[in-house]
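Engineer: from the sequence below, what's the structure:
(one chain, ligands or ions: 3)
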Amino acid sequence: MTAVPIIDVRGVTKRFPLRRGVVERLRGGRPLAVHALREVDFSVRRGETFALVGESGCGKSTLARIVMGLIPPSGGSVAFDGQPVEGLSRADTLRFRRRIQMVFQNPFGSLNPRMRVGRIVGEPLHVHRAGLGLGPGGLRARVAEVLRDCGLDPTTAERFPHQFSGGQRQRIAIARALAVEPECLVLDEPVSALDVSIQAQIVNLLTEQQRQHGLTYLFISHDLSLVRCFADRVAVMYFGRICELGPVGSVLDRPHHHYTSGLLRAVPDIKARSKRPAVVGGELPNPVHPPAGCAFHTRCPAATSRCRSEVPPLTAAPDGRLVACHHPLRS
Ligand SMILES: Nc1ncnc2c1ncn2[C@@H]1O[C@H](COP(=O)(O)OP(=O)(O)OP(=O)(O)O)[C@@H](O)[C@H]1O
Ligand code: SF4
Ligand SMILES: [Mg+2]
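Structural biologist: Ligands and ions are numbered 1, 2, ... in the order given. Okay, the predicted model is just below:
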């Protein structure tokens, strides 16, 4: 029997409608929209670290927000542990929000500067106190415990976020996410705002917490070297679609998709940590007017006329990984 994936994303599409200009209104044309995600399919297994990588604007954060139930998809569906995320009752929404938590890229923007750390970490505990069976004493004890787990002194609770460095603030953000004992964390570029020397400490903290609590991570990053050492499987995204998905080692060592290969070529040394995202030559297409066929055809050295007219479906290669390309690279 196959285990139910903890996150199951099926055919997810997201369009952000643009306000129509006067000319379009007068012409009565179709409303314009940014096509942020198109028919995205993937599932995350319980206990694994599943990475999403791709250039800026390819839809990673939009996908994360849809998985978290923060915004609805325009089409398709997301299930968490077999249960659809959309249309949950109030009680089920509360339960779902306890089971999955998010950590954002910027620890300066994501912590309220006017709140003491104890209140920041304690707030989700207060919201979920009934589910966790916590009284006021228990709540304070849990704040102290989770701060300690995240490498912070419990006296941190009395201070304000601006009194801490970027790395310590990200520890506070992780403590806030872990306080309610979730099963899954969505980590949206959790270390890319930090100095390279601090990144490893935060990654070690996340690894240790995963080991202790059996957590599942959906990990968004542009840093392929970090993905290689931290994730189990990776989905490479281009222009709102997944173009390649499989175990980290095989995808990054022997890419089948031309975009993955381009990303890897753009990283001078995959073993070196970099704050700069890898950039492939050529420009991203216009998300309001996506090109026909494979969206990468405008930048792909192997593009043919078929690529310009037919969208390549995500299909299983002989080695089991999924690739969306009419003329994949062979390893
Ligand atoms: N609220 C919004 N309204 C309109 N367009 C949006 C909105 N949010 C995202 N977009 C657009 O959707 C596309 C995907 O954006 P998204 O933020 O998901 O990309 P990303 O992969 O997370 O990029 P980055 O690596 O820069 O964080 C982009 O074209 C972006 O401009
Ligand atoms: S489908 Fe065509 S354009 Fe797209 S990556 Fe493959 S070869 Fe290149
Ligand atoms: Mg983003």
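Engineer: show me the helices in this protein, by range?
Structural biologist: For the chain, the helices defined by DSSP state H occupy 22-27, 60-67, 90-99, 117-127, 129-132, 136-149, 166-178, 196-213, 224-230, 248-253, 258-265, 305-309.
Engineer: for residue 52, which of those helices is the nearest?
Structural biologist: Closest approach to residue 52 among these (Cβ to Cβ): helix 60-67, 5.0 Å. For every residue, glycine as well, the C-beta is placed using N, CA and C.
Engineer: interface residues of this protein facing ligand 2?
Structural biologist: Listed as neighbours of ligand 2 in the chain under the rule Cβ under 6 Å from any ligand atom: 257-258, 294, 296-297, 300, 302-303, 307, 312, 325-327.
Engineer: any of those buried? List them.
Structural biologist: Neighbour-count burial within those applies to 257, 258, 294, 296, 297, 300, 303, 307, 312, 325, 326; the criterion is 16 or more other Cβ atoms under 10 Å.
Engineer: TSV for those, including pLDDT?
Structural biologist: Formatted as TSV, those follow (pLDDT from 0 to 100):
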residue	pLDDT
257	97
258	96
294	97
296	96
297	96
300	95
303	95
307	98
312	98
325	98
326	98
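Engineer: so which of the residues you listed comes closest to ligand 1?
Structural biologist: residue 296 (15.3 Å; Cβ to the nearest ligand atom).
Engineer: how far away is that closest one from residue 238?
Structural biologist: Taking Cβ to Cβ, to the nearest Å as the measure, residue 296 and residue 238 are separated by 6 Å.
Engineer: joint contacts of the two?
Structural biologist: Listed contacts common to residue 296 and residue 238 are residue 259; contacts here mean Cβ atoms under 8 Å, 6 or more residues apart in numbering.
Engineer: and the residue nearest in space to the middle of the chain, what's its pLDDT?
Structural biologist: For the chain, the residue lying nearest the average C-alpha position, counting by Cα atoms, centre = their mean, turns out to be residue 220 (3.7 Å). Residue 220 is assigned a predicted lDDT (pLDDT) of 97.
Engineer: what bridges to it?
Structural biologist: Here residue 220 sits in beta bridges with residue 52, residue 188, going by DSSP bridges.
Engineer: that one: what's it in contact with?
Structural biologist: If a contact means Cβ under 8 Å, 6+ apart, then residue 220 has 51, 52, 53, 60, 61, 64, 186, 187, 188, 189 as its contacts.
Engineer: thought the second one was touching residue 63?
Structural biologist: Yes. Distance between residue 52 and residue 63: 6.6 Å, which falls inside the contact criterion (Cβ atoms under 8 Å).
Engineer: any residues in contact with both of the two?
Structural biologist: Overlap of the contact sets of residue 52 and residue 63 (by Cβ under 8 Å, 6+ apart) consists of residue 237.
Engineer: burial of residue 157, as a residue count?
Structural biologist: When neighbours are defined as other Cβ atoms under 10 Å, residue 157 has 20 of them.
Engineer: and it, how far from ligand 1?
Structural biologist: Plainly put, residue 157 is 31 Å away from ligand 1 if you go by Cβ to the nearest ligand atom, to the nearest Å.
Engineer: residue 237 too?
Structural biologist: As judged by Cβ to the nearest ligand atom, residue 237 and ligand 1 stand 7 Å apart.
Engineer: next: residue 284.
Structural biologist: Where ligand 1 is concerned, residue 284 sits at a distance of 8 Å (Cβ to the nearest ligand atom).
Engineer: check contacts around that residue.
Structural biologist: Counting by Cβ under 8 Å, 6+ apart, residue 284 touches 55, 57, 58, 239.
Engineer: change it to 6 Å
Structural biologist: Contacts here follow Cβ atoms under 6 Å, 6 or more residues apart in numbering; on that basis residue 284 touches nothing.
Engineer: and it, what's its pLDDT?
Structural biologist: Taken from the predicted model, the pLDDT recorded for residue 284 is 81.
Engineer: that older thread, will you turn the residues of the chain next to ligand 2 into a markdown table that also has distance to ligand 1?
Structural biologist: Converted to a markdown table, the residues of the chain next to ligand 2 look like this (distance: Cβ to the nearest ligand atom, whole Å):
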| residue | distance to ligand 1 |
| --- | --- |
| 257 | 17 |
| 258 | 19 |
| 294 | 18 |
| 296 | 15 |
| 297 | 19 |
| 300 | 20 |
| 302 | 24 |
| 303 | 22 |
| 307 | 22 |
| 312 | 20 |
| 325 | 20 |
| 326 | 24 |
| 327 | 26 |
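Engineer: dump those residues into a markdown table; add distance to residue 197 as well.
Structural biologist: Formatted as a markdown table, the residues of the chain next to ligand 2 follow (distance: Cβ to Cβ, whole Å):
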| residue | distance to residue 197 |
| --- | --- |
| 257 | 33 |
| 258 | 34 |
| 294 | 40 |
| 296 | 35 |
| 297 | 40 |
| 300 | 37 |
| 302 | 39 |
| 303 | 41 |
| 307 | 43 |
| 312 | 41 |
| 325 | 38 |
| 326 | 43 |
| 327 | 42 |
